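*Asks:* Okay, predicted coordinates and the sequence, questions at the end:
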Amino acid sequence: MKDNKKEIKKGITLHCIKANNFKTDMITVFLTTKLTREDVTKNAIIPMVLRKGSANLETEENLNKHLEEMYGAGFDCGIDKTGDNQVLKFYLESIDNKYLPSEEEILEECIQTLIDIVFDPKLQNGVFEKQYVDTAKEKLKIILEGKKDNKMQYANLRCQEEMYKDTPFGIYKYGYIEDIDKIDEINLYEQYKRIIDNCKIDIFVTGNIEEDKIIELFLKNEKLKKLNEREGEYNRKSKKLEKREEREIIENLDVTQGNLVLGLSVSEIDKKESYSAVIYNAIFGGTATSKMFKIVREEHSLAYTASSNYLRHKNSLFVRCGIEIENYEKTLNLIREQIADMEKGEFTKEDIENAKTSVISTIKMIPDEQDTIIAYFLGQELSENKMSLDEYEENVNKVTKEDIQEFAKKVSIDTIYFLRN
């Protein structure tokens, strides 16, 4: 599996990934731009407006009817946060031509439909249609008002916000409710134009495709020809945190159980150490055989849930526990012990092998889904760190106990966040 790239124009890259094990083709467009407090809410609304229709398909009803006519092609869009960047994403999935009941080919039509949605929106008097913008604003308001519904997810977000306060990564990807009323069809369209003119654009096509034919389709596309060349205004490297004293944030909400999240910072590491980080996380809290699961949850019965994850783009770990509120100090002290034990090397050869098996199993699952294939290669594109799945697996297998301990010495608690009643 290979990402064959072709620069359509400066700052606009086409990625063709041939994968014969699917009955569908997936076309995706990613618009990557810097995360900023002033623009984040507008950017979050833009995909909601664009999905309402294009200049050719003026309503959502027309779009849905057109998708149905293309043998039930599926469209979706949304917002993501990768490192210090906000990513507007648009997907269209259709049945592969060879599985159609006739000699008909629909891939070209699907590509054109997605390009129309993203780059040729429905306008009214030269700006977005007011009704579409108002509807999208209400939808975003519901998302932001529901931010606290999932308490563990909310606690994790709040820990990230506090740990990365006053930096791009501390910004919530959906923006802020107090900004919504300031947005209208005029300033939102101006922001859309700024993104289209300046952001990094990546277009992925995966499936049982003829790469030369796909490249030709995109190179001759009239709407893409009209786009300007650009440097691609996005953050190639994430801003690192300086080591500092621990901070404790306690927040009170109407909750039935406590939600404890620890943000662990990691001092500067090289490329080789990033594989040690992945294995460290798997041993510490990333699997069902991890220290967090076996010791904190099972052995001491202090947590309903106990896990950790490693954020490669930020070189940090987040530890999450759902606990009884009165067990806060006990749980926190036990987690500290596990962090110290990792540095002392108090984990077995079996722990390392289990961790590697889990990580490699996840790697081997990437080719099973088109969206995970795309996510893997997009992550590499944005981090400018190119590596095949086989190379990744090989580097994971090279990690030694000494490597993990050396990495463990660079891990320290930065932020302790506790959500309680």
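*Replies:* That came through fine.
*Asks:* could you show me where the helices are in the stretch 101-250 of the chain, in order?
*Replies:* Taking DSSP state H, counting those that start in this stretch as the criterion, the stretch 101-250 of the chain contains helices spanning 107-119, 130-145, 151-163, 185-198, 211-219, 222-225.
*Asks:* Just the residues contacting the fourth one, thanks.
*Replies:* The set of residues that contact helix 185-198 without belonging to it, under C-beta atoms under 8 Å, 6 or more residues apart in numbering, is 31, 33, 39, 42-43, 45-46, 49, 88, 119, 121, 123-124, 126-130, 132-133, 227-228, 230-233. Glycine gets a C-beta too; all of them are placed from N, C-alpha and C.
*Asks:* for the second one, same thing?
*Replies:* Among residues not part of helix 130-145, those counted as contacts by C-beta under 8 Å, 6+ apart are 41, 44-45, 48-49, 52-53, 122, 124, 174-177, 180, 183-185, 188.
*Asks:* for the third one, same thing?
*Replies:* Applying C-beta under 8 Å, 6+ apart, the set of residues contacting helix 151-163 from outside is 147-148, 169-170, 172, 241, 247, 249, 251, 253, 255, 257, 259-263, 265, 305, 316, 318, 320, 322, 414-415, 417, 419.
*Asks:* Give the PyMOL command for selecting the buried subset of those residues.
*Replies:* PyMOL command restricting these to the buried ones, with burial defined by 16 or more other C-beta atoms under 10 Å:
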select buried, resi 148+169+170+172+241+249+255+257+259+260+261+262+263+265+316+318+320+322+414+415+417+419
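*Asks:* where do the strands sit along the protein?
*Replies:* 4-9, 12-18, 24-34, 74-82, 85-95, 123-124, 127-128, 200-207, 247-252, 258-266, 305-311, 316-323, 411-420 (DSSP state E).
*Asks:* So what are the sheet partners of the last one and their directions?
*Replies:* It refers to strand 411-420. Using DSSP bridges, the strands paired with strand 411-420 in its sheet are strand 247-252 (parallel), strand 258-266 (antiparallel).
*Asks:* quick one: residue 351 from residue 214, how far?
*Replies:* Computed with C-beta to C-beta, to the nearest Å, the distance linking residue 351 and residue 214 is 45 Å.
*Asks:* So for residue 364, which of the helices of the stretch 101-250 of the chain sits nearest?
*Replies:* The closest of the helices of the stretch 101-250 of the chain to residue 364 is helix 211-219. By C-beta to C-beta, the value is 24.2 Å.
*Asks:* by how many degrees do the closest one and strand 200-207 diverge?
*Replies:* Compare the direction of helix 211-219 with that of strand 200-207 by axes from the mean of the first three to the mean of the last three C-alpha atoms, to 10 degrees and you get 140 degrees.
*Asks:* what does helix 211-219 rub up against?
*Replies:* The contact list for helix 211-219 (C-beta under 8 Å, 6+ apart) reads 4, 6, 8, 14, 16, 18, 107-108, 111, 203, 205, 224.
*Asks:* Between those residues, which sits nearest residue 96?
*Replies:* Among those, and counting by C-beta to C-beta, the member closest to residue 96 is residue 107, at 7.8 Å.
*Asks:* Based on its surroundings, how many neighbours for the closest one?
*Replies:* Taking other C-beta atoms under 10 Å as the neighbour definition, residue 107 ends up with a count of 21.
*Asks:* Poorly predicted segments of the protein, please.
*Replies:* In the predicted model, the chain carries no residue with pLDDT under 70.
*Asks:* Show me which of the contacts of helix 185-198 are buried.
*Replies:* Neighbour-count burial (16+ other C-beta under 10 Å) applied to these gives 31, 33, 39, 42-43, 45-46, 49, 88, 119, 121, 127-129, 132-133, 227, 230, 232-233.
*Asks:* What is the neighbour count of the closest residue to residue 73 other than its chain neighbours?
*Replies:* Nearest residue to residue 73 in three dimensions, chain neighbours excluded: residue 94, at 4.0 Å (C-beta to C-beta, 6 or more residues apart in numbering). As a burial measure, the neighbour count of residue 94 was computed by other C-beta under 10 Å and equals 25.
*Asks:* who does residue 94 bridge with?
*Replies:* Note on residue 94: beta-bridge partners residue 25, judged by DSSP bridges.
*Asks:* wait, doesn't it sit right on residue 69?
*Replies:* No - Residue 94 is not in contact with residue 69 according to C-beta atoms under 8 Å; the separation is 11.1 Å.
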